[in-house]
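# output the structure for:
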Amino acid sequence: MITLTGKEKASYGAGAVAKDMVYSLVAGFLMYYYNTVLGISASFIGVLFMAARLFDAINDPVMGVIIDKTKSPIGKFRPWLLVGTATNAIVLYLMFSIPANLAGNSLLIYASVAYLAWGITYTMMDIPYWSMIPALTEPGRGRENLSVIARSAAGFGFALPVGLTMVLVPLLGGGSERAGFSRVALIVAVVFVIGILITTIQVKEKNPAAGKSPRVRDLFRALVKNDQALVVVVSIVVFNASLYLTNQLALYFFRFDIGNAALFGVFGTVGGAAQILAMLTIPLLRKKFSSKSILVGGILTTMTGYALLFVMGSLSITNMALLSVAAIIIFMGFGIATVLTTVFLANTVDYGEWKNGQRTESVIFSLQTFVVKLASAFSVLIAGVGLDLVGLDVDAAVQTDATLLGLRFLMVVVPMIGLAFAIIYFVRFYKLGDDQLTEITGELANRRES
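As a prediction, this is how the structure comes out:
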């Protein structure tokens, strides 16, 4: 029976806080920084982000294979945590510190190379971090509890830049958004390094891999054979893309529709707090409901919040208290679904070993890293092209009614469609119930003993 100390759990959570601060800054503000601060076309940004994700379709799984083949005195995960974190922190700062004298093609090349480098180095760190969950736990409550801790900590880390960035940027930049973003990125990079160092020093993998390490040429064949991993992956892409689309456009909504970009921080902070609280309720909910039922309930909750936001937008209601209520409902459901999709993906590692004879934590969790970035890229592509189509003018003080209506449609209706698809697809095709997982765990234990 594998057990973790409280110190190990807290140290693992510290890494989640730090690394999701980085992801939040990039996912929530890079498009805004490139578009409104640097003046790069929203459509170009959308195409750039999607092109980078197409590259990740090869890079991320191959990185997962490399990690699974790694052998070192401190294990196969922690060396890459250190290398990936150090390089990503540097790239993060450079990406938000583009020289003011760059313009035209030079600016586009710098922005493109910086973003591609950020994606590569983030992969080097993110895959081993999440791959540690099945290497630290066994299927069941222990794995679910660690996932709750990690995802709650990640939710807290994600909420910090959402709530503070648009407050700190003018303060640290002395009125210059360019300088302000650069200094915020530096702070986040330093916290990032410290948090991952805590995880690396205090947390050691406990559940040794069984079977042969995969070869690159066997990678995609193994993934196709793990049908349950692919079901979870598709669901994560659609679900996250739906919420990220709202995150991408919310800052535009508060700046151009509400007229106060700083209120975006209030919306995100309230929603982030609700997300964390919802994550913490999962152990209680699991006493009465299956994980699959809780996930369905979480997605339906998020859809209810979107419906409320749509009604408020249609009636031109901009009361912050009511907007906060919508944020709470949306992010509560998102928090529940985020934890459970991590648990489901970790369970497919055991399923894959049971079915195919290979335990490939890093390969499976390379899919999570890839699909989360893919979901973000889809959202930026839709948001970027959509903003140009609805005629948003970042230099105009007032937008047309048609533009604002199009903005609300992109931010609310499109995500609702995505969530509806995600819930129908997952319920139909995900088959790993609690009883089957118990049988798989027992059989794997017998195999390892023999």
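# secondary structure element for the residue most central in space within the chain?
Nearest to the geometric centre of the chain sits Val372, at 5.0 Å (C-alpha atoms, centre = their mean). Per DSSP states H and E, Val372 falls inside helix 361-389.
# again, but for Arg408
Assigned by DSSP H and E, Arg408 falls within helix 401-408.
# just how off-centre is that helix within its chain?
Chain-centre distance of helix 401-408: 27 Å, with C-alpha atoms, centre = their mean, to the nearest Å.
# okay, buried residues for that helix please.
403-404, 406-408 (16 or more other C-beta atoms under 10 Å). Yep, even glycine has a C-beta here, placed from its N, CA and C like the rest.
# only C-alpha atoms, please: export that helix in CSV.
What follows is helix 401-408, C-alpha atoms only, in CSV (Å, rounded to 0.1, in the frame of the first residue of the first chain):
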residue,chain,number,x,y,z
ASP,A,401,-23.5,47.1,-30.9
ALA,A,402,-23.0,44.4,-33.5
THR,A,403,-19.4,44.0,-32.4
LEU,A,404,-20.4,43.6,-28.7
LEU,A,405,-23.1,41.1,-29.6
GLY,A,406,-20.6,39.1,-31.6
LEU,A,407,-18.2,39.2,-28.7
ARG,A,408,-20.8,37.8,-26.3
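# quick one: contacts of that helix?
By C-beta atoms under 8 Å, 6 or more residues apart in numbering, the surrounding residues in contact with helix 401-408 are 249, 252-253, 256-257, 310, 313-314, 386-387, 389-393, 399.
# who wins for most neighbours among those residues?
Leu387 (26 neighbours; other C-beta atoms under 10 Å).
# I'd assumed Leu251 was in contact with that one.
No - when contacts are counted by C-beta atoms under 8 Å, Leu387 is not listed as touching Leu251 (11.5 Å).
# re the thing from before, and the next element down the chain from the helix holding Arg408?
helix 414-429.
# for the chain, longest helix please?
helix 320-356 (DSSP state H).
# show the average pLDDT along that helix.
The pLDDT scores in helix 320-356 average 85.
# residues of that helix that come out buried?
By neighbour count on 16+ other C-beta under 10 Å, the buried set for helix 320-356 is 323-354, 356.
# can you give me the pLDDT of the residue nearest to the centre of the chain?
72.
# and Gln368, by the same measure?
Reported pLDDT for Gln368: 64.
# any idea how many residues pack against Thr434?
Not quite, residue 434 is Asp, not Thr. There are 13 residues near Asp434, going by other C-beta under 10 Å.
# now do the same contact list for it.
290-291 are the contacts of Asp434 under C-beta under 8 Å, 6+ apart.
# distance of it from Met279?
Distance from Asp434 to Met279, counting by C-beta to C-beta, to the nearest Å: 20 Å.
# likewise for Arg178?
Distance from Arg178 to Met279, by C-beta to C-beta: 35 Å.
# neighbour-wise, which of the two wins?
Shown here are Arg178 and Met279; by other C-beta under 10 Å, Met279 has more neighbours (27 against 16).
# what helix or strand does the more buried one sit in?
Per DSSP H and E: helix 263-280 holds Met279.
# what is the rounded mean pLDDT of that helix?
On average, helix 263-280 scores 84.
# ok, and what's touching that helix?
Residues outside helix 263-280 that contact it (C-beta under 8 Å, 6+ apart) are 28, 148, 151-152, 155-156, 158-160, 162-167, 247, 250-251, 253-255, 298, 320, 323-324, 327-336, 338-339.
# now the angle from it to helix 320-356?
If you take axes from the mean of the first three to the mean of the last three C-alpha atoms, to 10 degrees, helix 263-280 sits at 50 degrees to helix 320-356.
# residue numbering should commence at 33 henceforth.
Taking 33 as the first residue, the last one we looked at is helix 295-312.
# quick check: next helix or strand after helix 295-312?
Next element after helix 295-312 (DSSP H and E): helix 314-317.
# that next one packs against which elements?
helix 173-205, helix 352-388 (3 or more C-beta pairs under 8 Å, 6 or more residues apart in numbering; DSSP states H and E).
# repeat that with 10 Å
Helix 314-317 sits against helix 173-205, helix 323-346, helix 352-388, with contacts defined as 3 or more C-beta pairs under 10 Å, 6 or more residues apart in numbering; DSSP states H and E.
# okay if I get those helices as a markdown table plus distance to Thr102?
Shown next, in a markdown table, are the helices and strands packed on helix 314-317 (distance: least, C-beta to C-beta, whole Å):
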| stretch | distance to Thr102 |
| --- | --- |
| helix 173-205 | 21 |
| helix 323-346 | 31 |
| helix 352-388 | 17 |
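# which stretch among those helices comes nearest Ala149?
helix 173-205 (20.0 Å; C-beta to C-beta).
# follow-up on the earlier one: next one: the residue nearest to the centre of the chain from Met311, what distance?
Distance from Val404 to Met311, by C-beta to C-beta: 17 Å.
# lovely, talk soon.
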